[in-house]
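**Q** here is a sequence with its predicted model. Questions after.
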Amino acid sequence: MWTSLKAQLLEVGNVKLIGADATEYESKSTAGPGAGGRGSVFFSYEGHRVRLAVTDDSPITIRHIGGGTVMLTYGCIEVLGKLEKPGSHCPGQAYITISGSCIYHCRYCPVPGNAAPTKSIDEIVTLVKNAGDIHAISLTSGVVGTVEEEEKRALDAVEALKQFNLPIGVSIYPVAGTAQRLHEAGAAEVKFNLETATPELFREMCPGMDRDLINAELDTAVELFGKNHVFTNLIFGLGETDDEMKSTIDEVCRRGIIPTLRPFSPAAELKDLPRPGFKRFMNLYKHHRAALASNGLDATKAETMCIACTGCDMVPGLD
């Protein structure tokens, strides 16, 4: 039931929040899907979760009864569940964006238009201290200044956050040697994002970025961090075919990398492009599950970042 329900909810991607005040359950993002938007909530049902953007106009309604208990209604579907409190951006983790702006202008990404500030190390440490009951720390970032400067900020943050004795995951745009330096600094997991199913789409969607470099750092990361601890985002809904996406899923899984299948969320230059539909979610999810299994990969072993959260994506083994 959950897999089908989550695919239907992610097909829409947003929710109308009514009922008792739910401010303490809402989260705002400066990176990823929904960056710069009104905010989002994490709906939980029988140990599973989905993250939905809050809007005034959605076919999905969540009525907050009180104390985090909610009734989700979508057409003929009615499900009693819970809202989860975000630690810092997502439940159970302090998921922190270091730099909330970016010199790159990926066509689907709202971050360059946000002009959000870069957090200091003291601010990052304070966010973790105030995150409540968490089991992991995750860091992501745009690129402000140079890629090398952004990597240095991430390395400094990892060093400062080791005091909490929690696994630290890092997702940044790499340069040559980034995986090695993050490993030496004490990061537990890394995510370097290939973003698209094909190199041709990557050149179109992410001008100025180097896919070959990302691939090289991913392979180095598998050698250093091991299987089940290296990830890459693959966005579906940007114009690729199912065969192209499945081929890339197979390729990265063979290399020991767990792909995060991220549904396209209309934003930036592509704000008028539709979200992927339910049938596509289910088709790719089934292929993703089989590809992980056939290559000895297990998403339940992930300790940090998006795979461990599951809010924005369907994750085999956890959904």
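**A** Happy to help now that I have it. Numbering: from 1, shown residues only.
**Q** end-to-end on stretch 93-103?
**A** 27 Å (Cα to Cα, to the nearest Å).
**Q** which positions in that stretch come out as buried?
**A** Of the residues in stretch 93-103, those buried by neighbour count under the rule 16 or more other Cβ atoms under 10 Å are Gln93, Ala94, Tyr95, Ile96, Thr97, Ile98, Ser99, Gly100, Ser101, Cys102. Every residue, glycine included, has its C-beta placed from N, CA and C.
**Q** same check, this time on stretch 172-192
**A** 172-174, 178-179, 181-183, 185, 187-192.
**Q** quick check: which element contains Leu16?
**A** In this structure residue 16 is Lys, not Leu. For Lys16, the host element (DSSP states H and E) is strand 14-19.
**Q** rounded mean pLDDT for the very next helix or strand once past that strand, please.
**A** Following strand 14-19 in sequence order, the next helix or strand is strand 40-45 (DSSP H and E). Strand 40-45 carries an average pLDDT of 97.
**Q** for the chain, where's the lowest mean pLDDT among helices and strands?
**A** strand 89-90 (a mean of 86; mean pLDDT, DSSP states H and E).
**Q** counting by contacts, list what the helix or strand that that strand is followed by packs against.
**A** In the C-terminal direction, the helix or strand that comes right after strand 89-90 (DSSP H and E) is strand 93-97. If contacts are counted by 3 or more Cβ pairs under 8 Å, 6 or more residues apart in numbering; DSSP states H and E, strand 93-97 sits against strand 89-90, helix 121-129, strand 136-140, helix 305-309.
**Q** ok, 6 Å please
**A** Other helices and strands packing on strand 93-97, by 3 or more Cβ pairs under 6 Å, 6 or more residues apart in numbering; DSSP states H and E, are helix 121-129, strand 136-140.
**Q** what angle separates it from strand 136-140?
**A** Interaxial angle, strand 93-97 versus strand 136-140 (axes from the mean of the first three to the mean of the last three Cα atoms, to 10 degrees): 10 degrees.
**Q** just want the angle from strand 93-97 to helix 121-129.
**A** Counting by the same axes, to 10 degrees, strand 93-97 lies at 150 degrees to helix 121-129.
**Q** so for the longest helix seen in the chain, what gets flagged as buried?
**A** The residue-count maximum for a helix in the chain (DSSP state H) belongs to helix 278-294. Of all the residues in helix 278-294, those buried under the rule 16+ other Cβ under 10 Å are Arg280, Phe281, Met282, Asn283, Leu284, Tyr285, His287, His288, Arg289, Ala291, Leu292.
**Q** mind listing what the second one touches?
**A** Read that as Phe281. Phe281 makes contact with Ala7, according to Cβ atoms under 6 Å, 6 or more residues apart in numbering.
**Q** next one: it from Met245, what distance?
**A** Phe281 sits 12 Å away from Met245, taking Cβ to Cβ, to the nearest Å as the criterion.
**Q** and what of the fifth one?
**A** The span separating Leu284 from Met245 equals 6 Å under the rule Cβ to Cβ.
**Q** what of the last one?
**A** In this view, Leu292 and Met245 are 15 Å apart by Cβ to Cβ.
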